[in-house]
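**Q** Dropping the sequence and predicted coords here.
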Amino acid sequence: MEAEDSYLTLAGNSEAIYKEKGSKFLAFAYPVSSEEEIKEHLESLRKKYFDARHHCYAYMLGKEMTQYRANDDGEPNHSAGDPILGQIRSNQLTNVLIVVIRYFGGTKLGVSGLIQAYKTAAGEAIAANTIVTEILCSTVSVSFDYIQMNQVMKIIKDYQLDILEQTFDNTCLMKIKVRQALTTEVREKFAEVANVD
């Protein structure tokens, strides 16, 4: 069962090529975290493949999977973007962008042929990648006197936490990355020995 503070996404960028009746479908899959990042990938692909007829894409953002979009880019309605989005959904992925660029080969594929081609190309781009589980994390700030260092470090070790920043002076300060599901519990532990923000 998937934990409430984790989600599936892609490990890195991947590419695939699918050919159907002379048409060439170039598929690109990217892990993304914002619409700004999505825009950058789309602009970069449009520049590189400026001579292609269609740049169809779909993306899904956020743990809740409520932020998404599918774009047919001139293909018949729902024949390109939706099949790509369908592949993202069927793999339960989020924070993902998939772009399929079509070079027309002279033979029309019909709507069902297009749906199949875009679905297959998107699926192959996902298959060429690695699906990974990402954990949602929070940042906890802890300030404490130097003499409390051992107690603070024991909590960090017990929970296998990552220290993002640390400053040691009369009062020590640490920013620590904590798995979201454990945030309340870890804050309470630190509160027993230190000041927590």
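**A** Right, received. Where do you want to start?
**Q** what packs against the helix of greatest length in the chain?
**A** For the chain, the helix with the greatest residue count under DSSP state H is helix 110-127. Packing contacts for helix 110-127, counted by 3 or more CB pairs under 8 Å, 6 or more residues apart in numbering; DSSP states H and E, involve strand 14-20, strand 23-31, helix 81-90, strand 96-103. Every C-beta, even on glycine, is put in place using the N, C-alpha and C of the backbone.
**Q** Can you get me the centre-to-centre distance for it and its chain?
**A** Relative to the centre of its chain, helix 110-127 is centred 21 Å away, using CA atoms, centre = their mean, to the nearest Å.
**Q** for stretch 82-100, same thing?
**A** 11 Å.
**Q** OK, contacts around N129?
**A** By CB atoms under 8 Å, 6 or more residues apart in numbering, the contact list for N129 reads 10-14, 29.
**Q** Mean neighbour count, the helices and strands packed on helix 110-127: which tops it?
**A** Comparing the helices and strands packed on helix 110-127 by mean neighbour count (mean count of other CB atoms under 10 Å), strand 96-103 ranks first with a mean of 26.
**Q** what does the model give the residue nearest to the spatial centre of the chain for pLDDT?
**A** Nearest to the mean C-alpha position of the chain, counting by CA atoms, centre = their mean, stands N95 at 2.7 Å. Looking at N95, its pLDDT stands at 96.
**Q** Relative to F168, how far out is it?
**A** Distance, N95 to F168, by CB to CB, to the nearest Å: 36 Å.
**Q** what does F104 give?
**A** The spacing between F104 and F168, counted by CB to CB, is 64 Å.
**Q** Repeat that for L26.
**A** In terms of CB to CB, L26 sits 52 Å off from F168.
**Q** One more: K177?
**A** Applying CB to CB, the value for K177 to F168 is 19 Å.
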